[in-house]
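J.: Build me a model from this:
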Amino acid sequence: MELKDALSQRRSIRKFKETPIPREDIEGIIEAAIKAPSGKNLQPWHFIVISGKKKQELVELITQTAKKLQDKGIPTGSCLNSARAMGECPCLIFIYHTQGSYNKPPKGTDRYLWSVNIQSIGAAIQNMLLEATSRGIGSLWICDVFFADKEITEWLGRKDELVAAVALGYPGEAPGRAPRKNQEKVTEWIGEEEDCCN
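T.: Residues are numbered from 1 along each chain as shown. Below is the predicted model of the structure:
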């Protein structure tokens with residue numbers, strides 16, 4: 001699949017088939033992630049692949065944590081729906097920022113480096129989604145894990161910072177493309193056209 005096709009065909013999938021994903025496809029998706037651009041070449045990412053009973057345990061932890069927050073009157077947005085999708089997919093990948101820490105939030109110039117690292121990890125996740133699409137595998141980039149980030153991190157025995165999770169599986173739905181703003185609404189040109197364009 002050409003890049004332009006992967007870009008146009010990628011969708012956020014929330015319903016998955018039970019069909020397992022071959023390990024070589026998961027490895028290929030992670031290999032695409034680590035080829036992403038990385039500020040200062042720090043490669044600040046760590047990937048944890050979870051499946052089977054362990055995945056279900058973790059999904060239950062997320063679900064129960066979200067319900068406890070709701071019982072306290074704290075809104076959790078689409079967290080429970082994301083947890084349902086996580087339970088349905090055959091494979092989850094959690095992405096950690098190896099230089100981040102909940103105990104030492106970034107301050108001053110450290111925040112700039114933190115931002116550089118997060119951007120690098122975002123690029124790695126985008127590579128994962130495009131590679132999955134090119135292999136006929138559906139994906140869902142999940143940030144709702146933040147509602148249970150400390151619980152997940154403790155469960156996994158990590159000490160660094162959770163950034164996101166990606167659910168992977170063969171699509172059980174074919175959603176249409178979400179609307180996008182056109183270029184005229186999101187782009188500003190400064191300078192003369194002949195300075196950069198023919």
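J.: From Thr19, how far off is Ala85?
T.: 15 Å (C-beta to C-beta, to the nearest Å). No exception for glycine: its C-beta is placed from N, CA and C like everyone else's.
J.: With neighbour numbers in mind, choose between those two.
T.: It is Ala85, of Ala85 and Thr19, that has more neighbours when counted by other C-beta atoms under 10 Å, with 24 against 11.
J.: so who does that one touch?
T.: With contact set as C-beta atoms under 8 Å, 6 or more residues apart in numbering, Ala85 has these partners: Ile13, Arg14, Lys15, Phe16, Leu140, Ile142, Ala167.
J.: my guess is Ser139 meets Ala164, correct?
T.: No - Ser139 is beyond contact range of Ala164, at 11.4 Å (criterion: C-beta atoms under 8 Å).
J.: Which helix or which strand is home to the residue nearest the centre of the chain?
T.: Nearest to the geometric centre of the chain sits Trp141, at 3.6 Å (C-alpha atoms, centre = their mean). Here Trp141 sits within strand 138-142, counting by DSSP states H and E.
J.: Check the residue nearest to the centre of the chain and give its pLDDT.
T.: Looking at Trp141, its pLDDT stands at 98.
J.: ok so, going back, can I get the contacts of Ala85 in CSV with neighbour count and distance to Gln126?
T.: Output for the contacts of Ala85, formatted as CSV (neighbours: other C-beta atoms under 10 Å; distance: C-beta to C-beta, whole Å):
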residue, neighbour count, distance to Gln126
Ile13, 24, 15
Arg14, 21, 19
Lys15, 16, 22
Phe16, 25, 20
Leu140, 24, 13
Ile142, 25, 14
Ala167, 25, 15
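J.: and which of these is nearest Ser115?
T.: Closest approach between these and Ser115, by C-beta to C-beta: Ile142, at 21.0 Å.
J.: From Val166, how far off is the closest one?
T.: 7 Å.
J.: send the alpha carbons of stretch 145-152 over as PDB?
T.: Below are the C-alpha coordinates for stretch 145-152, written out as PDB (Å, rounded to 0.1, in the frame of the first residue of the first chain):
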ATOM      1  CA  VAL A 145      -5.900   5.600  29.600                       C
ATOM      2  CA  PHE A 146      -5.000   8.800  31.300                       C
ATOM      3  CA  PHE A 147      -8.000   8.300  33.600                       C
ATOM      4  CA  ALA A 148      -6.100   5.300  35.000                       C
ATOM      5  CA  ASP A 149      -2.500   6.100  34.200                       C
ATOM      6  CA  LYS A 150      -1.100   5.700  37.600                       C
ATOM      7  CA  GLU A 151      -3.000   2.400  38.200                       C
ATOM      8  CA  ILE A 152      -1.900   1.100  34.800                       C
END
